[in-house]
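In: how does the following fold in three dimensions:
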Amino acid sequence: QVTLAESGGGLVQAGDSLRLSCVARGRTLFAHSMGWFRQAPGKEREIVATITTDRRISPYYADSVKGRFAILRDNPENSVFLQMNSLQPEDTAVYYCAVAREPWSVLTLGNVGFCGQGTQVTVSS
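Out: Modelled structure (predicted):
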């Protein structure tokens, strides 16, 4: 069993930055794609960013966050991070760390094997 613990959410103003962290415990996830998705009230879940271990594959970013967010991974620490810059009110959501169900597969909303409890990000205008 894998447990994911997120941290780093909070209340910020538009234009500010936040860094979300996620530590996975239970087993090594070197072969699994990791990433973040978010869910805002009244909206569908959205994959924000994903990253694999293969450095030949570029990270994926949703169009809404390209150029503002960066996903990073620390394999020895079984961790993934989301650096969020130039935050906007529309980024307000609960952010979840997620791990793909199958090794060497792309993380999508339909392929989430494990996810954390979520961390709230609120951006005021």
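In: now do L18 against T122, distance only.
Out: Distance of L18 to T122, computed by CB to CB, to the nearest Å: 10 Å. Quick note: C-beta positions are derived from backbone N, CA and C, even for glycine.
In: which one's more surrounded, these two?
Out: L18 (20 against 14; other CB atoms under 10 Å).
In: how much space between the more buried one and R56?
Out: 29 Å.
In: quick one on the thing from earlier: list the residues that contact both of L18 and T122?
Out: 10, 12 (CB atoms under 8 Å, 6 or more residues apart in numbering).
In: what strand or helix carries the residue most central in space within the chain?
Out: Central residue of the chain (CA atoms, centre = their mean): W36, 2.0 Å from the mean position. Following DSSP states H and E, one finds W36 within strand 34-39.
In: give the pairing partners of that strand; include direction for each.
Out: Its sheet considered, strand 34-39 pairs with strand 46-51 (antiparallel), strand 93-100 (antiparallel) by DSSP bridges.
In: against A98, how distant is D16?
Out: 24 Å.
In: okay, the two: which has more neighbours?
Out: Between D16 and A98, counted using other CB under 10 Å, A98 has the larger neighbour count: 27 against 14.
In: who's in contact with the more buried one?
Out: By CB under 8 Å, 6+ apart, the residues touching A98 are 4, 34-37, 107, 112-116.
In: and the two most separated of these?
Out: W36 and G113 (14.6 Å; CB to CB).
In: ok, the closest residue to C22 other than its chain neighbours - contacts?
Out: Leaving aside its chain neighbours, C22 sits nearest to C97 (3.4 Å; criterion: CB to CB, 6 or more residues apart in numbering). C97 is in contact with 4, 6, 20, 22, 24, 34-36, 80, 115-116, counting by CB under 8 Å, 6+ apart.
In: those residues in strands, which ones?
Out: 4, 6, 20, 22, 24, 34-36, 80, 115 (DSSP state E).
In: so where's this structure shaky on pLDDT?
Out: For the chain, no stretch is flagged by pLDDT under 70.
In: give the helix, strand or coil label for E77.
Out: At E77 the chain is in coil, as set by DSSP: H, G, I helix; E, B strand; the rest coil.
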